[in-house]
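Colleague: let me see the structure of the following:
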Amino acid sequence: MFDWSQFWTWFYLIFLITAIPVALMIILEKRSPFKTAAWILILILIPIFGMIFYLVFGQEYRKRKMFSRRGIKSLKAMRRLSAEQLKNIEQNKLISLAGLQNQAHLIRLLLNNSDSLLTTGNTLHLLKDGQQTFDHIFEAIEKARHHIHLEYYIFADDKIGNKLKELLIKKRQEGVEVRLIVDDVGSWGLRKKFFRHLQANGIEIYPFMEVRFPRFTSRVNYRNHRKIIVIDGKMGFIGGINIADRYLEGLKGLGHWRDTHLQIEGDAATTLQVIFAADWYFITKENLYGNNYFPPLTDAPGVPVQVSASGPDYSWKSIEQAFFAAITAARKKIYIVTPYLMPRPS
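Modeller: This is a model prediction of the structure:
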């Protein structure tokens with residue numbers, strides 16, 4: 001006669017041996033607390049089968065493979081430097097030198113969750129609309145001597161887009177390296193002719209995660225919303241303004257299209273370059289490294305800046321965490337300007 005008591009003893013023993021490591025895997029995967037709790041609940045309520053269900057459907061193998069950041073030389077150097085900065089922060093050297101004692105918790109958070117180096121030798125210009133932004137961008141590109149790197153969600157085939165295209169071609173003919181990444185969904189309106197014209201003039205341009213059959217692929221969900229320019233590793237632009245006429249002329253029925261941009265001159269441009277280099281490597285498998293792309297960082301006086309990035313290729317929601325930490329630490333005022341305010345119900 002079958003001994004059910006012995007069966008259940010072995011069943012629960014096997015369950016405990018396998019479930020505990022899987023539960024630890026779920027916790028260490030750095031998901032949102034809601035997803036972590038849901039998977040652990042499934043693991044408890046459906047023994048054995050819950051574990052199999054997680055291993056088949058809960059692991060993000062494809063996403064990990066798609067966004068692997070291994071082999072990027074600039075990232076390795078950045079991680080080494082961020083580890084050194086964390087050590088200096090713990091010893092209070094870096095914070096006191098920069099006069100940032102009140103922001104120590106935020107600096108430490110960004111170093112931990114996204115290797116965001118703190119740089120001090122920077123000059124910043126806040127650009128309040130499209131006209132101001134494009135004027136500064138065109139002026140900076142005119143002065144480029146070694147390379148121009150651009151990464152945009154929307155690069156439109158319109159007046160400002162073609163004006164920038166002609167300037168990039170001119171700089172390439174002067175011997176300046178030009179690399180351009182455009183998001184394949186955000187810049188869906190760009191025709192092959194536009195790409196071929198740039199490529200024929202020696203400019204390297206690639207779409208980010210090309211989508212051929214949007215209804216049959218998850219790639220349409222992984223989009224690149226960055227608006228980045230890095231010039232000679234010393235000058236950078238980042239913010240909310242894409243390359244499109246709408247930021248100058250508005251849109252019919254919607255009116256003026258206003259956003260904000262930031263011009264960075266100094267060491268923070270080098271850290272902005274790391275973000276571009278990681279995305280360039282993801283697309284082309286070409287490593288960008290050396291002093292021409294990453295000038296040595298200095299301890300020069302100036303505005304302190306940390307450049308942080310976030311997305312499916314990062315382990316943590318670093319920008320969200322930084323916003324949360326900054327807001328919770330506020331004591332007097334909180335100003336928020338955003339076109340997208342969609343807080344979670346919780």
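Colleague: and the residue nearest in space to the middle of the chain, its phi and psi?
Modeller: Central residue of the chain (CA atoms, centre = their mean): residue 309, 3.4 Å from the mean position. Dihedral pair for residue 309: phi -120, psi 160, per degrees, to the nearest 10.
Colleague: check residue 325 too.
Modeller: phi -60, psi -40.
Colleague: where does it land on pLDDT?
Modeller: Residue 325 carries a pLDDT value of 92.
Colleague: quick one: neighbours of it, just the number.
Modeller: Per other CB atoms under 10 Å, the neighbour tally for residue 325 reads 16. Backbone N, C-alpha and C define where each C-beta goes, glycine included.
Colleague: so it makes contact with residue 112?
Modeller: No. Using CB atoms under 8 Å, residue 325 is not in contact with residue 112, being 11.2 Å away.
Colleague: run a quick neighbour tally on residue 35.
Modeller: 12.
Colleague: what strand or helix carries it?
Modeller: Residue 35 belongs to helix 33-45 when assigned by DSSP states H and E.
Colleague: okay, buried residues for that helix please.
Modeller: 36, 39, 40, 42, 43 (16 or more other CB atoms under 10 Å).
Colleague: next, format those residues as JSON lines and append distance to residue 122 and pLDDT.
Modeller: Putting the buried residues of helix 33-45 into JSON lines (distance: CB to CB, whole Å; pLDDT from 0 to 100) gives the following:
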{"residue": "36", "distance to residue 122": "38", "pLDDT": "74"}
{"residue": "39", "distance to residue 122": "42", "pLDDT": "72"}
{"residue": "40", "distance to residue 122": "44", "pLDDT": "75"}
{"residue": "42", "distance to residue 122": "48", "pLDDT": "75"}
{"residue": "43", "distance to residue 122": "48", "pLDDT": "73"}
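Colleague: of the residues you listed, closest to residue 275?
Modeller: Distance ranking of those against residue 275, using CB to CB, places residue 36 first at 27.7 Å.
Colleague: ok, that closest one to residue 330 distance?
Modeller: Distance, residue 36 to residue 330, by CB to CB, to the nearest Å: 28 Å.
Colleague: and for residue 318?
Modeller: Counting by CB to CB - residue 318 and residue 330 are separated by 19 Å.
Colleague: cool, residue 322 as well?
Modeller: For residue 322 relative to residue 330 (CB to CB), the value is 13 Å.
Colleague: cool, and residue 136?
Modeller: Going from residue 136 to residue 330 by CB to CB gives 31 Å.
Colleague: more crowded one of these two?
Modeller: Between residue 136 and residue 330, residue 136 has the larger neighbour count (other CB under 10 Å), namely 16 against 9.
Colleague: was I right to think the more buried one contacts residue 235?
Modeller: No. Residue 136 is beyond contact range of residue 235, at 9.6 Å (criterion: CB under 8 Å).
Colleague: what do the two both touch?
Modeller: residue 263 (CB atoms under 8 Å, 6 or more residues apart in numbering).
Colleague: list the beta-bridge partners for residue 206.
Modeller: residue 181 (DSSP bridges).
Colleague: let me redo that: residue 228
Modeller: Beta-bridge partners of residue 228, as defined by DSSP bridges: residue 151, residue 238.
Colleague: hang on, the earlier thing: let me know the next secondary structure element after the helix holding residue 35.
Modeller: Toward the C-terminus from helix 33-45 - assigned by DSSP H and E - lies helix 49-53.
Colleague: ok, and what's touching that next one?
Modeller: By CB under 8 Å, 6+ apart, helix 49-53 touches 18, 19, 22, 42, 43, 44, 46.
Colleague: next, the buried residues of it.
Modeller: Neighbour-count burial for helix 49-53 [16+ other CB under 10 Å]: 50, 51.
Colleague: just the CA atoms of that helix, as CSV, please.
Modeller: What follows is helix 49-53, C-alpha atoms only, in CSV (Å, rounded to 0.1, in the frame of the first residue of the first chain):
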residue,chain,number,x,y,z
PHE,A,49,4.1,24.2,-10.4
GLY,A,50,4.5,27.8,-9.3
MET,A,51,8.3,27.4,-9.4
ILE,A,52,8.1,25.9,-12.9
PHE,A,53,5.8,28.6,-14.0
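Colleague: tell me the gap between it and the middle of its chain.
Modeller: Distance of helix 49-53 from its chain centroid, counting by CA atoms, centre = their mean, to the nearest Å, is 33 Å.
Colleague: how about stretch 146-159?
Modeller: Chain-centre distance of stretch 146-159: 17 Å, with CA atoms, centre = their mean.
Colleague: which positions in that stretch come out as buried?
Modeller: 147, 148, 149, 150, 151, 152, 153, 154, 155, 156.
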